[in-house]
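>>> generate coordinates for the sequence data below:
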Amino acid sequence: MKEYIIFLDESGDHNLVKYDIQYPIFTLVGCIFEKVYYEEQVIAKVNKLKINHFNNKNTILHSYVLFLY
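Residues are numbered from 1 along each chain as shown. Predicted coordinates:
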């Protein structure tokens with residue numbers, strides 16, 4: 001039996017009645033990987049991306065929203 005790893009993340013406000021007019025968005029995304037593929041391929045490729053762009057594989061990837069007025 002194959003094992004899988006799933007990553008889920010959300011952004012925004014899930015309240016559909018009283019929401020932030022400046023950011024009226026809600027998203028939910030996910031990635032599903034076969035565990036062996038994740039361990040053998042994904043980890044190495046993400047670490048390479050981190051080293052190439054941040055010169056450190058311990059960098060935490062995180063997004064943010066920047067509003068310019």
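>>> for the residue nearest in space to the middle of the chain, which non-adjacent residue is closest in space?
With distances taken as Cα atoms, centre = their mean, residue 9 lies nearest the centre of the chain, 6.1 Å away. Spatial nearest neighbour of residue 9, excluding adjacent residues (Cβ to Cβ, 6 or more residues apart in numbering): residue 29 at 5.8 Å. Any C-beta I mention is one placed from the backbone N, CA and C, and that applies to glycine too.
>>> what is the mean pLDDT for stretch 40-50?
In this model, stretch 40-50 carries a mean pLDDT of 95.
>>> could you dump stretch 18-38 to CSV, C-alpha only?
C-alpha atoms of stretch 18-38 as CSV (Å, rounded to 0.1, in the frame of the first residue of the first chain):
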residue,chain,number,x,y,z
LYS,A,18,-18.6,40.2,7.6
TYR,A,19,-15.3,40.1,5.7
ASP,A,20,-12.4,42.5,5.3
ILE,A,21,-13.3,44.8,2.4
GLN,A,22,-9.5,45.4,1.8
TYR,A,23,-8.9,41.7,1.3
PRO,A,24,-12.2,40.0,0.4
ILE,A,25,-10.5,36.7,-0.6
PHE,A,26,-10.4,33.2,0.8
THR,A,27,-8.2,30.5,-0.8
LEU,A,28,-7.6,26.9,0.2
VAL,A,29,-4.9,24.9,-1.7
GLY,A,30,-3.2,21.6,-1.3
CYS,A,31,-0.6,19.3,-2.7
ILE,A,32,-0.6,15.5,-2.4
PHE,A,33,2.7,13.6,-2.9
GLU,A,34,3.4,10.0,-2.8
LYS,A,35,5.7,9.7,0.2
VAL,A,36,8.6,8.0,-1.6
TYR,A,37,8.5,10.7,-4.4
TYR,A,38,8.4,13.4,-1.7
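>>> buried stuff in it?
33, 38 (16 or more other Cβ atoms under 10 Å).
>>> mind checking how far it is from the chain centre?
7 Å (Cα atoms, centre = their mean, to the nearest Å).
>>> contacts for it?
2-14, 42, 65, 67 (Cβ atoms under 8 Å, 6 or more residues apart in numbering).
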